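Participant: model the following, please.
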Amino acid sequence: MDTALVRDAYTVPTRYWHRIDSDRVQCDLCPRYCKLREGQRGLCFVRGNIDGEIVLTSYGRSSGFAVDPIEKKPLNHFLPGTPVFSFGTAGCNLACKYCQNWDISKSREVDTLADAASPEKIAEAAAELGCRSVAYTYNDPVIFHEYAIDTAKACRERGIKSVAVTAGYVCDEPRREFYQYMDAANVDLKGFDEEFYVKLTGGHLQPVLDTLTYLKHETDVWFEITTLLIPGHNDSDEELDAMTKWVVKELGPDVPMHFTAFHPDYKMMDVPPTPPQTLTRARDIAMRNGVRYAYTGNVHDKGGESTYCHHCGQLLIGRDWYQLSEWNLDAEGKCRNCGTPCAGVFEEKPGDWGPKRVAVKMA
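Facilitator: Numbers count the residues shown, from 1 in each chain. As a prediction, the model looks like this:
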């Protein structure tokens, strides 16, 4: 294990920190507010104190690159059917005991960052591969803030959109800077209970709610919400009822919600997988409370994966394991049956990428 904190070609200075005494500086990127002495890393692993300032140590380094279907992020209402160039780094600023991607997000191995690419190279590769967007994913882009923003800038110059796949755990000022350069996001609302957040994620609920309300009311970023339902922990009728009512009241009925299945992993191997009927129950509760677009995920459920007109019930977009089938939106994104607009970012025709995943080697 190589965790030595040294300056190298992948180390860049950061903005969001301040000195708190002669020995320590505080990172102000996320609500964890890590207070670090010389040579110490934050919980996220990739930010640390070198020479009395907080630096990012993974700029230009990645745990891997791939082309995915945009629906895998998951985003069902943002350029459906198109390929998205995906990459992440290592580390995370939360400590979820059930992390489904822990080999990357919880990695303390510098060797995890086995590939490398500049922002310009990523934008170039995405364009050459025919991707309509680039996703900052696999681990949370909040912690590689500077790398993600520079990549988004390079993508924007080529007309390529940027997608953040995030837990939304970030402070106000960096949040505002970050989302200036994002076009879409999927925010992981892990539960709707403060105790759940504290005990199972090591974080707090309110900063995530703040991110969601900020996105809705102060940006034009298209965003969707994902909640991984863990049996016995965040899947009660009461919690799902409160969560979905909050979404409709504070964010409106058009924000899509994805309820996805947990599988035993990391430090929660003793919890059983989520039964498919739990996802269906959550979807039903959401729609009963006014959520117009509610989905099931990580299970085979064409009915729960597909998009329907909230006015007349017409099947608008058929989905089967990321494969699009029916398409009943007109060129303006309206239902062909009744003319009701479907919320989202649509082009005249859907993409035809399908469910395939293609690994990309950059370095």
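Participant: does Ala242 touch Leu205 like I think?
Facilitator: No. The criterion here is C-beta atoms under 8 Å, and Ala242 misses it with Leu205 at 11.4 Å. C-beta: built from backbone N, CA, C; applies to glycine.
Participant: find residues that contact each of these two.
Facilitator: Phe192 (C-beta atoms under 8 Å, 6 or more residues apart in numbering).
Participant: which one's more surrounded, these two?
Facilitator: Using other C-beta atoms under 10 Å, the more surrounded residue of Ala242 and Leu205 is Leu205, with 19 against 14.
Participant: check contacts around that one.
Facilitator: Residues in contact with Leu205 (C-beta under 8 Å, 6+ apart) are Gly191, Phe192, Asp193, Glu194, Phe196, Tyr197.
Participant: check Ile50 too.
Facilitator: Listed by C-beta under 8 Å, 6+ apart, the contact set of Ile50 reads Leu5, Val6, Arg7, Thr11, Glu38, Gly39.
Participant: do Tyr197 as well
Facilitator: Applying C-beta under 8 Å, 6+ apart, the residues near Tyr197 are Lys190, Gly191, Gly203, His204, Leu205, Val208.
Participant: so which of those are in helices?
Facilitator: Counting by DSSP state H, these place Val208 in helices.
Participant: mind giving me the PyMOL command for buried ones among the contacts of Tyr197?
Facilitator: Entered in PyMOL, the line below selects the buried ones among those, by 16 or more other C-beta atoms under 10 Å:
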select buried, resi 190+191+203+205+208
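Participant: from the contacts of Tyr197, which is closest to Glu238?
Facilitator: Gly191 (11.9 Å; C-beta to C-beta).
Participant: quick check: the closest one touching Gly232?
Facilitator: No. Counting by C-beta under 8 Å, Gly191 sits too far from Gly232 to count as a contact (11.9 Å).
Participant: ok, then the element right after the longest helix seen in the chain?
Facilitator: The single longest helix within the chain, with elements called by DSSP H, is helix 237-251. For helix 237-251, the following helix or strand on the C-terminal side (DSSP states H and E) is strand 257-261.
Participant: now do that following strand: distance to the chain's middle.
Facilitator: Averaged C-alpha coordinates place strand 257-261 at 13 Å from its chain's average position (C-alpha atoms, centre = their mean, to the nearest Å).
Participant: walk me through which strands that strand pairs with, and which way each runs.
Facilitator: strand 222-229 (parallel), strand 294-297 (parallel) (DSSP bridges).
Participant: out of the ones you listed, nearest to Ser133?
Facilitator: Of all those, strand 222-229 comes closest under C-beta to C-beta, at 10.9 Å.
Participant: other residues contacting that closest one?
Facilitator: 74-78, 98, 100, 183-191, 212, 215-216, 234-235, 243, 247, 255-262, 274, 278-279, 282, 297, 344-345.
Participant: mind redoing it with 7 Å?
Facilitator: 74-78, 183-190, 215, 235, 247, 255-262, 274, 278-279, 282, 344-345 (C-beta atoms under 7 Å, 6 or more residues apart in numbering).
Participant: shaky segments in the stretch 51-200 of the chain?
Facilitator: The model of the stretch 51-200 of the chain has pLDDT under 70 over residues 102-114.
Participant: that one: helices as residue ranges?
Facilitator: 102-105, 119-128, 145-157, 172-179, 194-196 (DSSP state H, counting those that start in this stretch).
Participant: for the stretch 251-363 of the chain, same thing?
Facilitator: 276-288, 302-305.
Participant: just the ones you listed: most buried one?
Facilitator: helix 276-288 (a mean of 19; mean count of other C-beta atoms under 10 Å).
Participant: what angle do that one and strand 222-229 make?
Facilitator: Computed with axes from the mean of the first three to the mean of the last three C-alpha atoms, to 10 degrees, the direction of helix 276-288 lies at 140 degrees from that of strand 222-229.
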